[in-house]
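# from the sequence below, what's the structure:
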Amino acid sequence: MNSDEVIDQFLKGLDNAHLPPEREAILRTLVTSLVALVALDPDDGDLKVAATVLDELLDAANVFSPWRERPKFTVFGSARTKPYSPLYEMASQLSAAMAARGWITVSGAGPGIMEAAARGAGRENTLGVNVELPFEQSANPYVDAETRLVEMKYFFTRKVALTKESIAFAIFPGGLGTLDETFEILTLLHTGKSTPAPVVLVDTPDGTYWSAWADFVDGAMIKAGYLDDADTCLFRIVRSVEDAIGEVERFYSNFVGFALEGSLAHVALKQPVTPSLLDALTRTVPAFAAGAGYRVDESGLLTFDFDGRRYVNLRQVIDVVNADYSV
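Numbering: from 1, shown residues only. Predicted coordinates:
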């Protein structure tokens, strides 16, 4: 029996008679990859990695699935931030305010900023994604370890779980892990691998962490040509809880969602698309004004030609459509 026959037999053994063709195709791809991996005769280490990754993603799906309908807000920051720190208090207040607005806080479940966020949101409004480390970190007491916590071995699967379902991000000062997460999120947004979302970099009123980071981005990245000035629109530096909340609410004041269909972008808005908005977009974000330009499709969605690359310009479009409806 060849590999294709093995795959066919396996799929027939599943209760998939009523599966949509798209889902069956995904299952076939998954099984085909597994068979190919076994055929390569890898050592046990490769197979263990593959099995662990699938288990961790499944565990995360099980934890997150009951809360799919609620908006999620991921908080990142240092595990070393102490409870007496103003940043700890800000993280707690921010998550409490978001919970009051119906949001669930997602965090790394550890100490410091992660603990502060969970404490502010409360156990009923917190999901935790912990990572196994030899020196840290056990889950903080404000995460429900029975039903709202997933523990992972790998950082990369953890970052998938921390970012996949969230539609807003708040990042507090931290070390290597925090900066890794910061650049990961910005890279996902920059390349369109993540749904457009607001990113707020939170500091105290007199803090210098994010301003120094922004100076590095400007002086070592933008001036050297590794980034464009426009790329900085993907994040906002804020210095109060109120400003952080304002940025998130402003982002969703009119913008609802984005979908790509072939070479066409469709943007759903709360308010009808007006001629004045189309004119403002043409003037302010000319990157998508060529050809047929900005227009309204038969479903009432804002539509324009999109090459699948200019996600920074897409963020500029979102800022324009929100301009007249911001909080």
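
# residue 31 contacts residue 10, correct?
Yes - with contacts defined as C-beta atoms under 8 Å, residue 31 counts as touching residue 10 at a distance of 5.8 Å. (Each C-beta comes from the backbone N, C-alpha and C, glycine too.)

# who's more crowded, the two?
The neighbour count for residue 31 versus residue 10, taken as other C-beta atoms under 10 Å, is higher for residue 31 (17 against 14).

# residue 120 and residue 91, how far apart?
Taking C-beta to C-beta, to the nearest Å as the measure, residue 120 falls 7 Å from residue 91.

# ok, which stretches of the chain are strands?
In the chain, the strands defined using DSSP state E lie at 72-76, 104-107, 126-131, 149-152, 169-171, 199-202, 236-238, 255-261, 264-269, 295-296, 302-305.

# okay, those in TSV with mean neighbour count and distance to residue 158 next?
Compiled in TSV, these are given as follows (neighbours: other C-beta atoms under 10 Å; distance: least, C-beta to C-beta, whole Å):
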stretch	mean neighbour count	distance to residue 158
strand 72-76	28	11
strand 104-107	28	11
strand 126-131	26	5
strand 149-152	20	5
strand 169-171	26	15
strand 199-202	24	18
strand 236-238	19	25
strand 255-261	14	26
strand 264-269	18	31
strand 295-296	14	41
strand 302-305	21	35
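
# out of these, nearest to residue 60?
Taking C-beta to C-beta as the criterion, strand 149-152 is the member of these that comes nearest to residue 60, at 4.9 Å.

# which strands or helices does that closest one pack on?
helix 44-64, strand 126-131, helix 155-163 (3 or more C-beta pairs under 8 Å, 6 or more residues apart in numbering; DSSP states H and E).

# could these go into CSV alongside mean pLDDT and distance to residue 295?
As requested, the helices and strands packed on strand 149-152 are arranged in CSV below (pLDDT from 0 to 100; distance: least, C-beta to C-beta, whole Å):
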stretch, mean pLDDT, distance to residue 295
helix 44-64, 86, 37
strand 126-131, 93, 39
helix 155-163, 93, 32
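
# columns distance to residue 320 on top of the ones you listed, output as TSV?
As requested, these are exported to TSV (distance: least, C-beta to C-beta, whole Å):
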stretch	distance to residue 320
helix 44-64	32
strand 126-131	33
helix 155-163	25
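
# for the ones you listed, which one ends up most surrounded?
Neighbour counts (mean count of other C-beta atoms under 10 Å) averaged over each of the helices and strands packed on strand 149-152 peak at strand 126-131, with a mean of 26.

# got a list of contacts for that one?
For strand 126-131, the surrounding residues in contact (C-beta atoms under 8 Å, 6 or more residues apart in numbering) are 60, 63-64, 67, 72, 95, 104-110, 114, 117-118, 137-140, 142-145, 148-155, 158, 161-162.

# rerun at 6 Å
Strand 126-131 is touched from outside by 104-106, 109, 118, 139, 143, 148-152, 158, 161-162, with contacts defined as C-beta atoms under 6 Å, 6 or more residues apart in numbering.

# so what are the sheet partners of it and their directions?
Sheet pairing for strand 126-131, assigned by DSSP bridges, gives strand 104-107 (parallel), strand 149-152 (parallel).

# from the chain's centroid, how far away is it?
From the chain centre to the centre of strand 126-131 is a distance of 15 Å (C-alpha atoms, centre = their mean, to the nearest Å).

# flag the shaky bits of the stretch 51-200 of the chain, pLDDT-wise.
Scanning the stretch 51-200 of the chain for pLDDT under 70 picks out 134-137.

# coming back round to it: quick one: which of the strands of the chain is nearest residue 287?
Using C-beta to C-beta as the criterion, the shortest distance between residue 287 and those is 9.2 Å, found for strand 302-305.

# just checking: what are the partner strands of the closest one?
Neighbouring strands of strand 302-305 in its sheet, by DSSP bridges, are strand 264-269 (antiparallel), strand 295-296 (antiparallel).

# what about that strand, average pLDDT?
Along strand 302-305, the predicted confidence averages to a pLDDT of 97.

# mind giving me the domain split of the chain?
For the chain, the structural domains run 3-64, 66-251, 255-322, going by automatic domain parsing.

# what's the most buried one of the ones you listed?
Among the domains of the chain, judged by mean count of other C-beta under 10 Å, the one packed with the most neighbours on average is domain 66-251 (a mean of 19).

# pull the distance from that domain to the chain's centre.
On the basis of C-alpha atoms, centre = their mean, domain 66-251 sits 10 Å off its chain's mean C-alpha point.
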